[in-house]
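Engineer: Got a predicted structure plus its sequence, pasted below:
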Amino acid sequence: MNAKQLLIERFGYPSFRPGQKEIIDALLVGESVLGMLPTGTGKSLCYQLPGYLFEGTVIVISPLISLMEDQVTQLQQLGERKTVALNSLLSMSEKQYVLEHLSTYKFIFMSPEMFLSDNTQQALGRIKIAFIVVDEAHCVSQWGVDFRPEYLKLSEGIRFLKQPLILALTATATPEVRQDIQQLLFSQTVKEIVYSVDRPNISLFVETGEKQERLLELLPKLSGAGIIYCATRKHVEELYERLKNRERIAYYHGGLTGQERRMLQQQFIAGELRILIATNAFGMGVNKNDIRFVIHYDLPSSPEDYLQEIGRAGRDGRFSQAILLYNEGDEYIHQFLHQQSVDSRRLFEIKKQTADLVLDNPLIQKWEKLFPNQSQELIDLLEQREKIRKIQLQKMLTYIQLTGCRRKYLVNYFGQELGNQPNDCCDNDGALIKTSEESPEPIVFSEEWSVILLKLFKKTMKD
């Protein structure tokens, strides 16, 4: 069976979306490839489909548990039973079972940390690997120093497995980040297939001033499902407390248990919840096509993050809206987090100069373990990342104050030119936030969402 037949018969699509066929064709002739396609345009098909045309197991390295779980669910809905997410939601015995039976799976999803563990590397070395996918590959550059340093070691883990075919996928990578990916992930420069980051069906808005009052005014008038993004877990929970009696709403962040996160994601996808308040722990790859709006209650730290997060909207191609609410000083939380990174780097420099100094700092201990003989190289990377973060935050502040076309600004940031400008482009081009014709009545809940989840979970166990 060829790729086109497989597309129709197994996946149910009449034709490829832009970029998909080029990426798949490159893999099929044995070329590693870096693919950049817009959010919501079917990047997962680029490894799911060729996975069936190769012998062996497809290893997908993914940054978030929610993303892994969603991709596993998608494959299961397509009838694929030989798929698993090897992550912290599994018990020790379950992980051991998966590692002992790796060759029985067609698709295995795991984090960089899991991929690089000794047990996983040894187990992977015993099976036939079709190819390795690094999903959300911009994380190699964006997260690969002070947040998820394991991303910098992925190439070593891949080389240990005798350099199999590699597919790197992203939706948001500037030319500089793509260069980072080429250097940090591949042993030689590979083919790039790059399409515009623009999502013309998402209209862009920025509003400044009193955020809470404006949010309370907007939510009853906006139709469909939506996500409200906040910068921290604390902000997520505080906002939820203010809104919990007004909407079918819940909150989602990395502090919830795996079962809670999984249940919330399922409820949101099924339409049982209209709105999720979330940190960026929620969103990448979530398979809900009909999200009609994304509201940023806090300022994103970079255009990369912003484009990723608003890309959750309008995956069905229908009109959707991205609304950023800004108060002067919203950038301070990012400046505070940046300063923490600077402090950690300076502490690491002191530790380097005083070899016998013992520091009870988990991040520095991780750096020492991962980069035992590369202290200066790591310090240089950290300093470079600090400079990039400052630039990224400034670019977001410029976006807030912009008087010209917001869409053109974002597209230009990624080194691209805007093609056709949609009718409902952005507020600076005359677009207005669209509200529903009839405002729904507020829904008052007598129970916390966590209590409802517990009841649902108990009922599921009984069934």
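Structural biologist: On my side now, so go ahead.

Engineer: Every contact and neighbour count from this point should use C-alpha atoms.
Structural biologist: Will do.

Engineer: Just the endpoints, please. Distance across stretch 264-281?
Structural biologist: Chord length of stretch 264-281, first to last residue, is 13 Å (CA to CA, to the nearest Å).

Engineer: And it, what's buried?
Structural biologist: Residues of stretch 264-281 classed as buried: 264-266, 268-269, 273-281 (neighbour count, 16 or more other CA atoms under 10 Å).

Engineer: Among these, which one sits closest to L67?
Structural biologist: Of all these, the one with the least separation from L67 (CA to CA) is A281, at 9.3 Å.

Engineer: per-residue confidence at L456?
Structural biologist: Per-residue pLDDT puts L456 at 48.

Engineer: Repeat that for E69.
Structural biologist: Value listed for E69 in the pLDDT field: 83.

Engineer: my read: it touches A85, true?
Structural biologist: Yes. Using CA atoms under 8 Å, E69 is in contact with A85, at 6.5 Å.

Engineer: All the strands of the stretch 1-150 of the chain, residue numbers only.
Structural biologist: Counting by DSSP state E, counting those that start in this stretch, the stretch 1-150 of the chain has strands at residues 33-36, 57-61, 83-86, 107-110, 129-134.

Engineer: Show me which positions of the lengthiest helix in the chain end up buried.
Structural biologist: Ranked by number of residues, the top helix in the chain under DSSP state H is helix 375-401. Buried residues in helix 375-401, counted by 16+ other CA under 10 Å: 375, 378-379, 382, 385-386, 389, 392-397, 399-400.

Engineer: so which pair among those is furthest apart in space?
Structural biologist: Farthest-apart pair in the buried residues of helix 375-401 is S375 and I400; separation 37.9 Å (CA to CA).

Engineer: thought L324 was touching L299?
Structural biologist: Yes. Assessed by CA under 8 Å, L324 is found in contact with L299 at 7.4 Å.

Engineer: Report the contact partners of C425.
Structural biologist: C425 is in contact with P200, I202, S203, L204, C405, R407, A431, counting by CA atoms under 8 Å, 6 or more residues apart in numbering.

Engineer: So, low pLDDT: which residues of the stretch 301-450 of the chain?
Structural biologist: The stretch 301-450 of the chain contains residues with pLDDT under 70 at 355-356, 358, 437-450.

Engineer: quick one: the helices in the stretch 251-400 of the chain?
Structural biologist: Secondary structure of the stretch 251-400 of the chain (DSSP state H, counting those that start in this stretch): helices located at 258-270, 303-310, 332-353, 362-370, 375-401.

Engineer: who wins for proximity to K234 among the ones you listed?
Structural biologist: Short answer: helix 332-353, nearest of those by CA to CA, at 11.7 Å.

Engineer: And the contacts of the closest one?
Structural biologist: By CA under 8 Å, 6+ apart, helix 332-353 touches 146, 231, 301, 357-359, 363-364, 375, 379, 382-383, 386, 389, 393.

Engineer: how about 6 Å then?
Structural biologist: Helix 332-353 has contacts (CA atoms under 6 Å, 6 or more residues apart in numbering) with L357.

Engineer: Could you list the buried residues of that helix?
Structural biologist: The neighbour-count check on helix 332-353 (16+ other CA under 10 Å) flags H334, H338, S341, V342, S344, R345, F348, K351 as buried.

Engineer: What angle do helix 303-310 and the longest helix of the chain make with each other?
Structural biologist: If you take axes from the mean of the first three to the mean of the last three CA atoms, to 10 degrees, helix 375-401 sits at 60 degrees to helix 303-310.

Engineer: From the chain's centre, how far out is helix 375-401? Work that out for me.
Structural biologist: In terms of CA atoms, centre = their mean, to the nearest Å, the centre of helix 375-401 is set 19 Å apart from its chain centre.

Engineer: Quick one: name whatever helix or strand follows it.
Structural biologist: Toward the C-terminus, helix 375-401 is succeeded by helix 406-413 as the next helix or strand (DSSP states H and E).

Engineer: and that following helix, which residues are buried?
Structural biologist: Buried residues in helix 406-413, counted by 16+ other CA under 10 Å: R406, R407, K408, Y409, L410, V411, Y413.

Engineer: how's the protein carved up into domains?
Structural biologist: The record assigns the chain these domain ranges, following automatic domain parsing: 3-194, 202-330+402-458, 332-398.

Engineer: Start and end of the last one, how far apart?
Structural biologist: Using CA to CA, the gap from the first to the last residue of domain 332-398 comes to 15 Å.

Engineer: next one: that domain to chain centre, how far?
Structural biologist: Chain-centre distance of domain 332-398: 23 Å, with CA atoms, centre = their mean.

Engineer: again, but for the longest one
Structural biologist: If you compare the mean C-alpha spot of domain 3-194 with that of the full chain, they lie 14 Å apart, counting by CA atoms, centre = their mean.

Engineer: before we move on, back to that, what about E69 and A85, which has more around it?
Structural biologist: A85 (24 against 20; other CA atoms under 10 Å).

Engineer: Residues in a beta bridge with the closest residue to the more buried one other than its chain neighbours, which ones?
Structural biologist: Of all residues not flanking A85 in the chain, F109 sits nearest, at 4.6 Å (CA to CA, 6 or more residues apart in numbering). Legend: beta-bridge partners of F109 under DSSP bridges are V60, A85.

Engineer: roughly how far apart are F109 and Y47?
Structural biologist: The gap separating F109 from Y47 is 12 Å, by CA to CA.

Engineer: how near is L382 to W367?
Structural biologist: Counting by CA to CA, the gap from L382 to W367 is 11 Å.

Engineer: same deal with L307?
Structural biologist: Going from L307 to W367 by CA to CA gives 30 Å.

Engineer: ditto for E237
Structural biologist: With distances taken as CA to CA, E237 is found 32 Å from W367.

Engineer: go on, S88?
Structural biologist: Look at S88 and W367: by CA to CA, they are 22 Å apart.

Engineer: and these two? which has more neighbours close in?
Structural biologist: Neighbours were counted for S88 and for W367 using other CA under 10 Å; W367 has more, 18 against 13.

Engineer: Can you get me a residue count around L418?
Structural biologist: Going by other CA under 10 Å, the residues that sit close to L418 add up to 14.

Engineer: if you skip the residues just before and after it, what's nearest to it?
Structural biologist: Nearest to L418 is K408, by CA to CA, 6+ apart, at 5.6 Å.

Engineer: Then G430?
Structural biologist: Nearest in space to G430, with sequence neighbours left out and distances taken as CA to CA, 6+ apart, is D424 at 7.6 Å.

Engineer: Pull the contacting residues for F16.
Structural biologist: Counting by CA under 6 Å, 6+ apart, F16 has no contacts.

Engineer: With E136 instead?
Structural biologist: L169, T170.

Engineer: separation between it and A171?
Structural biologist: With distances taken as CA to CA, E136 is found 7 Å from A171.

Engineer: now do L347
Structural biologist: Look at L347 and A171: by CA to CA, they are 34 Å apart.

Engineer: Buried residues of stretch 48-66, list them for me.
Structural biologist: Applying a neighbour-count criterion of 16+ other CA under 10 Å, one finds 48-52, 56-66 buried in stretch 48-66.
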